[in-house]
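>>> Fold the stuff below for me.
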Amino acid sequence: MGRMRGAEAEQHWEHRTQRPLLWLAVLFALAYAVPIVSPDADPWLHKACQIVEWVVWAAFALDYAVRLWLTPDRWHFVRSQPLSLLAVLLPMVQPLRLLRLVSALLLVGQRARMAVQVRLTTYVGGSVVGLLMFGSLAVLKAERDAPGSSIKTLGDAVWWSFTTMTTVGYGDLAPTTGLGRALAVGLMLSGIALLGVVTANIAAWFISRFEHDDAEGRRQTAAIEALTSEVQALREQVDRLSGADTQAAPAPASGSPLSAPRS
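All right, here's what the predicted structure looks like:
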């Protein structure tokens with residue numbers, strides 16, 4: 001009974017905090033992006049963005065602590081939420097909070113009761129957008145002031161992230177720092193994984209359509225065969241009834257007009 005109440009309390013907490021955490025994730029994304037996109041902005045704006053980042057981190061840390069306290073199986077919760085735990089314990093990796101947008105998209109898809117393929121497509125699309133945003137901002141921050149770097153603007157960073165995630169790799173832009181190259185490896189692996197998910201999703205959709213068409217064809221064939229059998233049975237029954245009526249009809253009398261010979 002206590003475990004059931006704990007699970008209900010956790011679900012109630014997640015339902016109440018889903019929308020506020022989504023807005024906090026968007027706010028964090030803006031606070032993280034502004035200093036990178038506008039490095040020459042006023043110092044007070046950079047300071048305000050830094051304060052917002054820490055406030056959002058504290059809010060997500062509080063959310064993690066409350067959910068950990070409410071969950072009936074704390075060890076399973078810790079194992080199933082490695083990204084949240086990492087971002088709470090290591091504030092320096094707060095850019096990972098941008099992936100909260102992906103989780104929010106997945107929750108929205110689950111609550112909308114969409115089809116599996118549509119939900120997966122929504123999740124993959126949100127993952128692509130989140131990774132492109134995170135990769136572009138992070139590599140721009142790491143490479144802009146590095147000597148010999150070719151990634152100097154946000155447009156360069158977005159182009160590099162897109163070509164890296166799609167594994168095209170034109171080579172016109174390449175990171176030179178260790179952090180930039182680590183980000184490149186992560187984007188490459190993410191791009192390969194997402195491409196595999198998209199390919200598998202498309203293949204599963206075609207297979208499901210073919211199976212649906214085959215099942216519909218088999219049902220129609222079975223219905224036609226059943227109808228044919230019923231028609232054949234009715235025809236045989238009609239033939240038997242016609243034969244029985246012919247045998248049961250009485251023969252005409254010898255003196256009747258029907259039996260009299262014609263003159």
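
>>> CA only for contacts and neighbour counts going forward, please
Fine.

>>> From Trp160, how far off is the closest residue to Ala9 other than its chain neighbours?
Sequence neighbours aside, Leu70 is the residue nearest to Ala9 in space, at 6.5 Å (criterion: CA to CA, 6 or more residues apart in numbering). Applying CA to CA, to the nearest Å, the value for Leu70 to Trp160 is 43 Å.

>>> okay, these two: which has more neighbours?
Between Leu70 and Trp160, Trp160 has the larger neighbour count (other CA atoms under 10 Å), namely 26 against 19.

>>> how about the residue nearest to Ala9, phi and psi?
Dihedral pair for Leu70: phi -80, psi -30, per degrees, to the nearest 10.

>>> correct me, but Ala41 touches Pro35?
Yes. Here Ala41 reaches Pro35: they are 7.4 Å apart, a contact under CA atoms under 8 Å.

>>> Which one of those two is surrounded by more residues?
Shown here are Ala41 and Pro35; by other CA under 10 Å, Pro35 has more neighbours (20 against 12).

>>> what's the more buried one in contact with, if anything?
Going by CA atoms under 8 Å, 6 or more residues apart in numbering, Pro35 touches Ala41, Leu45, His46, Cys49.

>>> Over to Leu154?
Contacts for Leu154 (CA under 8 Å, 6+ apart) come out as Val37, Ser136, Leu137, Leu140.

>>> what's the answer for Ala146, then?
Contacts for Ala146 (CA under 8 Å, 6+ apart) come out as Thr176, Thr177.

>>> Low-confidence stretches in this structure?
1-7, 83-84, 86-87, 90-123, 244-263 (pLDDT under 70).

>>> Now do the SS call for Leu45.
On the three-state scheme (DSSP: H, G, I helix; E, B strand; the rest coil), Leu45 is labelled helix.

>>> Would you check how far apart it and Arg144 are?
20 Å.

>>> The two: which is more packed in?
With neighbours defined as other CA under 10 Å, Leu45 and Arg144 compare such that Arg144 has more, 18 against 14.

>>> can you give me phi and psi for the more buried one?
Dihedral pair for Arg144: phi -60, psi -40, per degrees, to the nearest 10.

>>> Distance check, it against Ser127.
For Arg144, the distance to Ser127 - CA to CA - is 25 Å.

>>> now swap in Arg19 and tell me
Relative to Ser127, Arg19 is positioned 19 Å away (CA to CA).

>>> Show me which of the two is the more surrounded one.
The neighbour comparison of Arg19 against Ser127 (other CA under 10 Å) goes to Ser127, with 23 against 12.

>>> That one sits in which helix or strand?
Assessed by DSSP states H and E, Ser127 sits inside helix 116-143.

>>> Export the helix or strand just after that helix to CSV, keeping only CA atoms.
Where DSSP H and E defines the elements, the next helix or strand beyond helix 116-143 is helix 154-165. Only the C-alpha atoms of helix 154-165 are listed here, as CSV (Å, rounded to 0.1, in the frame of the first residue of the first chain):
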residue,chain,number,x,y,z
LEU,A,154,27.1,30.8,-35.0
GLY,A,155,26.5,30.0,-38.7
ASP,A,156,29.7,28.2,-38.9
ALA,A,157,28.9,26.2,-35.8
VAL,A,158,25.4,25.3,-37.0
TRP,A,159,26.8,24.2,-40.4
TRP,A,160,29.5,22.1,-38.7
SER,A,161,27.0,20.5,-36.3
PHE,A,162,24.7,19.6,-39.2
THR,A,163,27.4,18.1,-41.4
THR,A,164,28.8,16.2,-38.4
MET,A,165,25.5,14.8,-37.2
